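> for reference, the sequence and a predicted model appear below.
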There are 2 protein chains.
Amino acid sequence: MKEYRSTKEDSLEEFVKKCKECGLKITPQRISIYKEVLNSENHPSAEIIYRRIKRIHPGISFDTVNRTLLTLSEMGLLEIVEGSGDVRRFDPNNKNHHHFRCKKCGKIVDFYNESYDKLEVPDYLKKKFIINKVRVLLEGICDNCINKTQD
Amino acid sequence: MKEYRSTKEDSLEEFVKKCKECGLKITPQRISIYKEVLNSENHPSAEIIYRRIKRIHPGISFDTVNRTLLTLSEMGLLEIVEGSGDVRRFDPNNKNHHHFRCKKCGKIVDFYNESYDKLEVPDYLKKKFIINKVRVLLEGICDNCINKTQD
DNA sequence: TCCTAAATAAGAATTATTACTATTTAGGTT
DNA sequence: AACCTAAATAGTAATAATTCTTATTTAGGA
């Protein structure tokens, strides 16, 4: 079986398809933003993406970037990271994964764990709510911050 | 075994003790804020707490409320809810629990699940990071929003 | 090619959060 | 009980983040 969204080409195809499904127009800005965020390793904020996109579209407005990112997340093409009241950050990782979050520096680290992936949702919750996502969130102090504290 | 922080009286005692441990002064404002947030059912923002506290301390500033809430969370007496780039919200629930979050309205619902409580953290993460908290985060649409959509 | 609703740019407005500073106060000391 | 001092607070001001407004442009269907 072909892996879901395995290459950038597949990715773009899928994007175009998804836009049409949703009745959204395919604009150069959207394509650039989509590609940029999908290639981001660490969970970028709208501001970060904005600065990168400006190199391609110098006249683009922050609002367009931000709005597009929100649109993409509504389309299910990326997710909003569960933060803690800091700036909103986006998660382009479409593989099933989980998060570690550093309390000190706010860094979010993706990790993979099969047993976490298999977690069952309690029946009474399934009945009451529509559940789209199950994610384990670890919180603590990252390696960098541990070392810093020792100084 | 006596349950940890089971009553309001215990709670206040513990608060005073904890403040002293941390070298923090016990002020009427702090006590009020602490009590207020601990009695909050649904995860309040600083703004919400501020409005409630004003009924007791009409002259209190927002900054004091916000700063105090952040202090309390640093002391480990409450937690910051993992949101999605919206306003910072606080979680006074000190029992081991997990969260469901509604994508539409942003509501956070606490729930309890023993098997989730027992989740093991992978060794390689334990070695690299200090892990303080393991929480399962479910995401989807809540009952209210499901009904609204049907209109 | 034309048309129209959707999308964008630009900047204003709003909202959330943090910083600054003069004043007050908790709590230790005498 | 009065005094002292560092910490905490009130009252803004400043900053940062996010959303809104409006005139203009454009994607994509007719």
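Sure thing, it's come through.

> mind listing the strands for chain A?
A:79-80, A:90-91, A:98-102, A:108-111, A:130-141 (DSSP state E).

> dump these to TSV, plus mean neighbour count.
(Glycine included, C-beta is placed from N, CA and C.) Output for the strands of chain A, formatted as TSV (neighbours: other C-beta atoms under 10 Å in any protein chain shown):
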stretch	mean neighbour count
strand A:79-80	20
strand A:90-91	20
strand A:98-102	20
strand A:108-111	16
strand A:130-141	18
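
> wait, which of those strands is closest to A:S40?
Of all those, strand A:90-91 sits nearest to A:S40, with 7.8 Å by C-beta to C-beta.

> close to chain B: what parts of chain A are there?
For chain A, the residues in contact with chain B (C-beta under 8 Å from any C-beta of the partner chain) are A:80-85, A:87-89, A:100-103, A:111, A:113, A:115-116, A:119-122, A:125, A:128-143, A:146.

> check the residues you listed one by one and keep those near DNA strand D.
Subset of those in contact with DNA strand D: A:V87, A:R88, counting by C-beta under 7 Å from any atom of the strand.

> contacts for the top helix by length along chain A?
As assigned by DSSP state H, the longest helix anywhere in chain A is helix A:8-22. Applying C-beta atoms under 8 Å, 6 or more residues apart in numbering or on different chains, the external contacts of helix A:8-22 come out as A:R5, A:K25, A:I26, A:R30, A:I31, A:Y34, A:K35, A:L38, A:N39, A:M75, A:L77.

> now do the contacts for the second one.
When contacts are counted by C-beta under 8 Å, 6+ apart, A:K25 touches A:C19.

> hang on, the earlier thing: list the buried residues of the longest helix of chain A.
Residues A:S11, A:F15, A:C19 are the ones in helix A:8-22 that count as buried (16 or more other C-beta atoms under 10 Å in any protein chain shown).

> check stretch A:115-131 too.
Applying a neighbour-count criterion of 16+ other C-beta under 10 Å, one finds A:Y116, A:L119, A:V121, A:P122, A:L125, A:K128, A:F129 buried in stretch A:115-131.

> if any of the contacts of helix A:8-22 are buried, give me the PyMOL selection for them.
Of these, the buried ones go into a single PyMOL selection, burial set by 16+ other C-beta under 10 Å:
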select buried, chain A and resi 30+31+34+35+38+77
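
> from the contacts of helix A:8-22, list the ones also adjacent to DNA strand C.
When contact is defined as C-beta under 7 Å from any atom of the strand, these meet DNA strand C at A:K25, A:R30.

> chain B: which of the contacts of helix A:8-22 is nearest?
Nearest to chain B among the contacts of helix A:8-22: A:M75, at 12.6 Å, using C-beta to the nearest C-beta.

> dihedrals phi and psi, that closest one?
A:M75 adopts backbone torsions of phi -80, psi -10, taken as degrees, to the nearest 10.

> look up how far A:C19 lies from it.
The gap separating A:M75 from A:C19 is 8 Å, by C-beta to C-beta, to the nearest Å.

> I figured A:Y50 hits A:I60, correct?
Yes: A:Y50 lies in contact with A:I60 (C-beta atoms under 8 Å); the separation is 7.4 Å.

> those two: which is more packed in?
Set side by side, A:Y50 and A:I60 show more neighbours around A:Y50, with 20 against 17, by other C-beta atoms under 10 Å in any protein chain shown.

> which residues touch the residue lying closest to the more buried one once chain neighbours are set aside?
Of all residues not flanking A:Y50 in the chain, A:V65 sits nearest, at 4.3 Å (C-beta to C-beta, 6 or more residues apart in numbering or on different chains). By C-beta under 8 Å, 6+ apart, the contact set of A:V65 is A:Q29, A:I33, A:A46, A:I49, A:Y50, A:I53.
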